[in-house]
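Q: Quick one: sequence plus predicted model below, questions after.
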Amino acid sequence: MCLHDRKLETGTDDFRQLSYMLDQVFHFEFHQVIEALKHAYADIDPDADTRRPGFEASENTPSFVSLLDGLLEKANYERVTEADLNRALSESSLFKIRLHVDFDDFSEVSLFARGQSIRTEKISSWFGLRSRTIEFVNYDRVVVYLRIRDDFEHSKHDSDLCRAGATLLKLFRNVPRADLEMLFPNTRVRMRLMDKLLIGIPAVVSGGIVLTTKLGASLVLLGSLFGYWMGVSSQPVELNQAAVVALLAGAAALGGYLWKQFNNFKNRKIRFMQALTQNLYFKNLDNNAGVFHRLANDAEEEESKEAILAYYFLLVSAEPLTRSELDREIERWFDSRWNCGLDFEIDDALHKLLGLGLVEKSGDRLVAVSVKEGIRILDQRWDNYFVPGN
């Protein structure tokens, strides 16, 4: 994108070389981040297939959660606040189902999101006879980290992964904010009022028909029997073969009707669960250790892009720029040339460039070193990685 701007009249090959070297520097440094995450995650990895040597971990070893937080920040993820989560739980689901999550099952809950946007979707109602367009907040990427309570009691409704002390790390894409609760492993599907009415009203109507047709004779016979046994009626009731057959037929009709209504309720709930499962199948990107490997790659890409962009705009600028001028220039370029609105991480980019020595500061003004000087600096830094003591 920078070269496509054609502001570099000469030295395009050198600029490509500098960009490549800068990318390799970040790749090497992020390898150390991945190793630290693997070491911290080893004891809680639910998918581990290696044997533990039994060595005690060093007291100075950082926790996995703190390392994950740092990695997510570098990958430009933001924490989903408790207020955002509560708002999500109160909003109506886009999938026309009611979900419930028991947060008391977890000792740790952390959600992070990247890429928030407003989207629209057409929702049909009244059996497809009517439709309306709604707006909703959508997250491009969502990371979920959960730790189940140590005293958690597993029930038959819970997944086998929901066991005491277990940790779950998952990455999803394109998640509506109103459906964040579907990402939790203990989500329960419950009937909405509309769903209960759709089952209940036909059940009442058909129940009345069953009572007046198939159970009429049986109810009259049972009423007579109870009246005679309770002393209300003095006329005895004769239970002959025909009467017994009528009672059994009525009981069978009632049992069949109740079983049918139960199956209606159960089948509707199964359809909801199937819709939820299919939706999660296509939204899930990675699980457990695979998540932080993918996040590390994303963070490495973000760090490289931020540094290259800031360096390039300082390099082609006719005069030194201040931090705010550089920030506005990059954001304006993305908006006008690439039709993309974003909030550029200028502080992060300058921190890296100043630390690498690719940008020099004079007062509040910033200037980039030449491309050839930048290549020399990065080459020397790469050599120093393998010098003992550095």
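A: Structure's in. What do you need?

Q: right, and Lys122 touches Phe136 too?
A: No. Between Lys122 and Phe136 there is no contact under CB atoms under 8 Å: 11.9 Å. From N, CA and C alone the C-beta is placed, and that goes for glycine too.

Q: Looking at those two, which one has more neighbours?
A: Phe136 (16 against 8; other CB atoms under 10 Å).

Q: Now do the SS call for the more buried one.
A: The three-state label given to Phe136 by DSSP: H, G, I helix; E, B strand; the rest coil is strand.

Q: Report the beta-bridge partner residues of the closest residue to it other than its chain neighbours.
A: Nearest non-adjacent residue to Phe136, counting by CB to CB, 6 or more residues apart in numbering: Pro176, 5.1 Å away. Pro176 has these beta-bridge partners by DSSP bridges: Asn138.

Q: burial measure for Pro176, as a count.
A: Neighbours around Pro176, by other CB under 10 Å: 18.

Q: next one: Gly70
A: Gly70: 15 neighbours (other CB under 10 Å).

Q: And for Arg177?
A: 19.

Q: Asn138 is in contact with that one, correct?
A: Yes. Under the criterion of CB under 8 Å, Arg177 makes contact with Asn138 at 7.1 Å.

Q: list the contacts for Asp45?
A: Asn288, Ala289 (CB atoms under 8 Å, 6 or more residues apart in numbering).

Q: Pull up the per-residue confidence for it.
A: As predicted, Asp45 sits at a pLDDT of 83.

Q: show me what contacts Pro320?
A: Leu314, Ser362, Arg365, Leu366, Val367.

Q: Excluding chain neighbours, what is closest to it?
A: Closest to Pro320 by CB to CB, 6+ apart is Arg365, at 3.8 Å.

Q: Can you select the buried ones from the contacts of Pro320 in ChimeraX?
A: Buried subset of those, written as a ChimeraX selection, criterion 16 or more other CB atoms under 10 Å:
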select :314,366
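
Q: Out of the contacts of Pro320, which one has the weakest pLDDT?
A: The member of the contacts of Pro320 with the lowest pLDDT is Ser362, at 89.

Q: for the nearest residue to that one once chain neighbours are set aside, phi and psi?
A: Distances taken as CB to CB, 6+ apart place Pro320 nearest to Ser362, at 6.9 Å, with adjacent residues excluded. For Pro320, the backbone dihedrals (degrees, to the nearest 10) come out as phi -60, psi 150.

Q: And Pro320, how far from Ile377?
A: 19 Å (CB to CB, to the nearest Å).

Q: Leu111 is in contact with Val143, isn't it?
A: Yes. At 7.1 Å, Leu111 counts as touching Val143 under the criterion of CB under 8 Å.

Q: Look at those two and report which has more neighbours.
A: Val143 (28 against 22).

Q: That one pairs with what?
A: Beta bridges link Val143 to Phe112, Leu171 when assigned by DSSP bridges.

Q: check contacts around it.
A: Taking CB under 8 Å, 6+ apart as the test, what Val143 contacts is Leu72, Tyr77, Leu111, Phe112, Ala113, Leu169, Lys170, Leu171, Phe172, Val291, Leu295.

Q: could I get these as TSV with pLDDT and distance to Leu85?
A: Shown next, in TSV, are those (pLDDT from 0 to 100; distance: CB to CB, whole Å):
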residue	pLDDT	distance to Leu85
Leu72	92	16
Tyr77	92	15
Leu111	92	7
Phe112	94	12
Ala113	93	11
Leu169	92	18
Lys170	92	16
Leu171	94	18
Phe172	93	15
Val291	93	19
Leu295	92	21
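
Q: how about these, which pair is most distant?
A: Ala113 and Leu169 (15.0 Å; CB to CB).

Q: coming back round to it: which members of the contacts of Pro320 are positioned in strands?
A: Ser362, Arg365, Leu366, Val367 (DSSP state E).

Q: quick one: the strands in the chain?
A: Ranges of strands in the chain, per DSSP E, are 78-79, 98-100, 106-125, 130-148, 167-176, 188-190, 284-287, 321-322, 359-362, 365-368.
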